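Enquirer: can you look at this prediction? I've put the sequence above it.
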Amino acid sequence: MQLNPTILLIIALAPLLGAIVAGIFRNQVGRIGAHTVTIAGVALSCALSFYVLYQLVWGGAQTYNENVYTWFQVGGIDAHIGFLVDRLTAMMMVVVTFVSLMVHVYTIGYMAEDDGYQRFFSYIALFTFSMLMLVMSNNFLQLFFGWEAVGLVSYLLIGFWFKRPTAVFANMKAFIVNRVGDFGFLLGIAGVLYFFHSLDYGYVFAHTEALSGKTLEIFGGDPWSAATVICICLFVGAMGKSAQVPLHVWLPDSMEGPTPISALIHAATMVTAGIFMVARMSPLFELSETALSFVLVIGATTAFFTGLIGIVQNDIKRVVAYSTLSQLGYMTAALGVSAYSAAVFHLMTHAFFKALLFLGAGSVIIAMHHEQDMRYMGGLRKYMPITFITAWIGTLALTGMPGFAGFYSKDAIIEAVGESHRWGATYAYWCVLLGVFVTAFYSFRLLYLTFHGKERFAVDHGHGHGHDDHGHHEPGHLEHEPHESPAVVTWPLMALAVPSIVIGALTVGAMLYGDYFGSSIHVAHAEGEGAHEFQGWLSMAVHGLMQPPFWLAFSGFLLATYIYLFNPAIADKTKQALYPLWNMLDKKYWFDPVYQAVFARGGIAFGRGLWKGGDTGVIDNVLIDGSAAAVARTAGVVRWLQTGYLYTYAFAMILGLVFLLGGLWWVVRG
């Protein structure tokens with residue numbers, strides 16, 4: 001049975017239609033019209049995505065790989081718009097549209113008082129369309145279109161509150177860092193086109209042997225494997241989009257955007273694009289052990305060292321942001337040991353519980369009148385019972401507690417890395433293993449500082465004592481008591497909490513130990529994924545209770561409980577005792593000042609040098625102004641010869657004739 005192409009077109013274009021109506025006709029449709037049309041479009045895409053998944057898994061439908069129309073033809077190169085929809089794509093479509101739908105509904109409550117209400121709905125619907133075009137593409141050119149489109153819309157969303165200097169700085173930072181990654185990505189696509197003379201996935205994956213033995217000379221006389229160069233270039237693009245060290249610096253600053261877009265960027269869309277891309281390109285990456293080792297080391301480094309930064313953060317959204325960086329590192333490490341299915345499985349489970357945690361953080365921010373510093377929270381569980389319970393569910397899933405969604409995917413990654421013999425695997429194993437303790441510690445720290453302990457905020461009851469001279473609230477001062485968020489905020493939290501508990505148990509057998517992905521993923525040499533016989537989700541959870549990851553997570557839980565629930569004073573004492581380490585983490589390993597000094601200011605200085613030395617100095621002063629001045633001086637001299645008197649011209653002619661005859665005589669005599 002063949003999938004209906006009309007359904008696929010509707011899935012991709014319905015969010016785009018909603019974005020156009022909410023954006024261009026925002027004044028005509030108003031607030032209600034804007035959220036109605038965008039939610040309807042995304043809901044339709046979500047429902048049809050579930051239908052497509054059902055058809056592929058249970059309905060007997062075959063993989064769909066067809067072109068919708070030809071974009072252009074140049075020589076022997078064809079560029080098409082088309083769809084490749086297999087089980088990998090269908091799973092991504094369901095995750096993207098479901099999480100996006102929850103974010104759309106949540107946005108009704110979160111952005112209710114914002115002047116840019118319609119504009120925001122237009123942007124997030126456009127974001128969903130861009131991501132769908134990326135995951136559904138059947139060729140590299142359409143992939144690049146979706147890749148750049150999500151980057152563009154993320155720029156608009158991170159800087160949504162464009163009157164804030166910090167938001168403008170953050171979206172420029174995200175845009176520039178991703179351009180660095182995208183340059184490598186574009187080089188990788190160019191390499192594919194050069195060696196395969198095609199941008200079609202099907203053709204390239206069917207002819208990967210064309211790269212066997214092919215080399216490139218990047219530096220004179222030193223040949224590099226073409227497969228290695230192409231794969232590393234493609235992965236540099238993934239490092240930008242999926243925020244891997246050292247191109248990770250943009251993602252924490254993206255918290256300057258409204259919380260709904262933080263959930264959308266960090267959970268199921270932009271940051272997972274790099275993970276999906278590498279999994280899709282598995283036939284290429286399997287050609288290069290060097291490229292896979294590079295991926296492995298980068299991912300493991302990101303997983304552990306960015307997680308450490310989350311321990312010292314006080315902004316509730318930034319703690320969750322650094323956990324996203326760390327979890328993306330886990331996915332990347334899995335890709336590096338050829339455990340593509342484990343990486344994509346963790347991508348799916350992570351999308352649900354990370355969206356839950358971000359939206360839960362937004363619910364807290366609403367209750368705290370947009371206060372984000374956890375040092376001024378505490379005791380919120382009695383005010384916000386639904387947010388409190390769902391936050392606990394998301395945290396247990398994130399920390400990999402047995403039975404929750406994150407347990408099945410994270411333990412599979414750690415096991416696969418531990419059993420790998422690839423170069424860098426030992427280092428990577430210790431990073432992902434110790435990262436479990438780090439994740440548990442900062443996750444439960446967030447819970448305790450936010451929902452438990454004594455209340456560290458003051459309610460001014462509208463008397464104005466908490467205001468400064470500019471009308472802003474002093475930290476920790478609220479006009480009213482915190483209260484549970486409205487239903488349009490809590491319903492998405494409850495809807496996301498369900499898969500955060502059960503989705504791992506329901507799908508682990510098929511995705512990790514079955515043949516769910518089939519030909520979607522190609523593994524040349526298995527590196528340990530699924531090596532043990534699967535005896536059911538419950539048996540796996542019980543077995544996990546005896547494994548090192550559980551005990552490390554439990555140790556992180558115990559330490560966080562002791563410090564932040566029973567003995568908070570020890571936190572300050574530890575900070576003083578380990579101040580150099582704390583300062584290094586607080587400064588985020590000094591990536592930002594180094595990048596700002598070397599690349600940002602260096603780029604500005606280089607541009608000014610070209611401007612003053614090249615544009616002003618050479619082009620203006622020499623070529624333009626200099627040539628004009630030379631013509632003016634020459635004209636000034638020649639002007640004196642133009643007297644207008646006949647005898648002057650006759651004398652000049654006689655003088656010229658004398659010189660001419662004298663010259664001829666000298667030549668003839670010589």
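Expert: Received it, and whenever you're ready, just let me know what you need.

Enquirer: number of residues surrounding A125?
Expert: Number of residues near A125 (other CB atoms under 10 Å) recorded here: 31. (Each C-beta comes from the backbone N, C-alpha and C, glycine too.)

Enquirer: show me the contacts for it.
Expert: 15-16, 18-19, 22, 38, 41-42, 104 (CB atoms under 8 Å, 6 or more residues apart in numbering).

Enquirer: pLDDT on the helix or strand containing it, on average?
Expert: Under the criterion DSSP states H and E, the helix or strand holding A125 is helix 117-136. Taken as a whole, helix 117-136 has a mean pLDDT of 93.

Enquirer: now do the strands in the stretch 451-600 of the chain.
Expert: Along the stretch 451-600 of the chain, counting by DSSP state E, counting those that start in this stretch, strands occupy 458-459, 477-478.

Enquirer: deepest of those, which one?
Expert: strand 477-478 (a mean of 19; mean count of other CB atoms under 10 Å).

Enquirer: list the neighbouring strands of that one plus their orientation.
Expert: Strand pairing for strand 477-478, using DSSP bridges, gives strand 458-459 (parallel).

Enquirer: starting at the chain centroid, how far to the partner strand?
Expert: Here strand 458-459 is found 38 Å from its chain centre; the criterion is CA atoms, centre = their mean, to the nearest Å.

Enquirer: give the rounded mean pLDDT of it.
Expert: The model assigns strand 458-459 a mean pLDDT of 79.

Enquirer: ok, now stretch 317-335?
Expert: The pLDDT scores in stretch 317-335 average 94.

Enquirer: also stretch 572-590?
Expert: Mean predicted confidence for stretch 572-590 is 90.

Enquirer: can you list the low-confidence ranges for the stretch 501-650 of the chain?
Expert: Applying pLDDT under 70 to the stretch 501-650 of the chain flags the ranges 525-533, 600, 603, 611-618, 620-623, 625, 640-641, 643, 647.

Enquirer: can you pull out the helices in it?
Expert: 537-544, 548-561, 569-577, 579-586, 591-594, 601-609, 625-641, 646-669 (DSSP state H, counting those that start in this stretch).

Enquirer: ok, longest strand in the protein?
Expert: Of all the segments of type strand in the chain, defined by DSSP state E, the longest one is strand 64-74.

Enquirer: how far off helix 117-136 does that one point, in degrees?
Expert: In terms of direction (axes from the mean of the first three to the mean of the last three CA atoms, to 10 degrees), strand 64-74 departs from helix 117-136 by 100 degrees.

Enquirer: against which helices or strands is strand 64-74 packed?
Expert: helix 5-24, strand 77-85 (3 or more CB pairs under 8 Å, 6 or more residues apart in numbering; DSSP states H and E).

Enquirer: for A90, give its distance to L3.
Expert: Remark: distance between A90 and L3 (CB to CB, to the nearest Å) = 9 Å.

Enquirer: which residues are in contact with each of the two?
Expert: Listed as contacting both A90 and L3 by CB under 8 Å, 6+ apart are 52, 56.

Enquirer: show me which of the two is the more surrounded one.
Expert: Neighbour comparison, A90 and L3: the larger count goes to A90, with 26 against 20 (by other CB under 10 Å).

Enquirer: now do the same contact list for the nearest residue to the more buried one once chain neighbours are set aside.
Expert: Nearest residue to A90 in three dimensions, chain neighbours excluded: L53, at 4.3 Å (CB to CB, 6 or more residues apart in numbering). Residues in contact with L53, defined by CB under 8 Å, 6+ apart, are 87, 90-91, 93-94.
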